[in-house]
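A.B. asks: Sharing a model prediction with you, sequence too.
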Amino acid sequence: MGSRQLVVFGVVLACISFSDAKALSVSQQNYWGVDGPAAAPEREPSRESTQQVNVLQAQRIQPAVNPLSWTFPEDPVDSVKETPVNYVVRQPATANRVAVRCGESRIQVEVSQDLLGLGKLINPGDITLGGCAATEIDDVSHVLAFEYELHRCGSRRVLMENILIYAFTLIYNPDVSGRGSITRSQGAVIGVECHYLV
């Protein structure tokens, strides 16, 4: 009976050693397709070599001796927190865009086509002197001229003590209805007067 157990035990050992032998004979190819010791994967670095590399890197990077003390200079614009006391919002000046000459019986008014000071020329048909259109258009200097008799173009006569005043109204009414894009523009009404001593 003892020999049977020995035989069974011997067969199991033979199977195990046969499977180990088969596993050892199978070789894997590496990335380059080479068999053998060169195909074996590289070893992981040891803990000692990793520590040595860390020490060398720490020695190479030296901490700053003195911390930086430089800061950005203060901006003089930001230091002003309050609006100056005499600050006044400036409006576009139309005084230098309209010139008036009063004659004995006629008035001459010259209007810059950049009436609003926005850099855009106004259409000559959009501005009138009391309903009267411009009599002359200077395309070089972009000036519209109105020249009419004092009693025309909706003028009003006002007598104050010894002064006779002819008052006119220069009306800018932009027409934006016929344009393809939306345009925002504002109109303007400017009073023009001629004063005469009586």
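C.D. replies: On my side now, so go ahead. Residues are numbered from 1 along each chain as shown.
A.B. asks: and the gap between Leu150 and Lys120?
C.D. replies: Going from Leu150 to Lys120 by CB to CB, to the nearest Å gives 32 Å. Using the backbone N, CA and C atoms, a C-beta is placed for each residue, glycine as well.
A.B. asks: Can you pick out the residue with more neighbours from these two?
C.D. replies: Leu150 (18 against 11; other CB atoms under 10 Å).
A.B. asks: tell me the pLDDT at the nearest residue to the more buried one once chain neighbours are set aside?
C.D. replies: Leaving aside its chain neighbours, Leu150 sits nearest to Tyr166 (4.8 Å; criterion: CB to CB, 6 or more residues apart in numbering). pLDDT for Tyr166: 95.
A.B. asks: wait, Tyr166 sits on Arg152?
C.D. replies: No. The pair Tyr166 / Arg152 is not scored as a contact, 10.1 Å apart, by CB atoms under 8 Å.
A.B. asks: Which stretches in this structure count as helices?
C.D. replies: For the chain, the helices defined by DSSP state H cover 2-25, 47-60, 76-79.
A.B. asks: which residues of the chain fall in strands?
C.D. replies: 98-102, 106-112, 127-129, 136-138, 143-149, 156-160, 163-172, 188-197 (DSSP state E).
A.B. asks: Now do the second one: which elements does it pack against?
C.D. replies: Going back to what we said before, that points to strand 106-112. Secondary-structure packing of strand 106-112 (3 or more CB pairs under 8 Å, 6 or more residues apart in numbering; DSSP states H and E): strand 98-102, strand 143-149, strand 163-172, strand 188-197.
A.B. asks: residues in contact with Val143?
C.D. replies: Contact analysis of Val143 by CB atoms under 8 Å, 6 or more residues apart in numbering lists 110-113, 137.
A.B. asks: redo that, cut-off 6 Å
C.D. replies: Glu110 (CB atoms under 6 Å, 6 or more residues apart in numbering).
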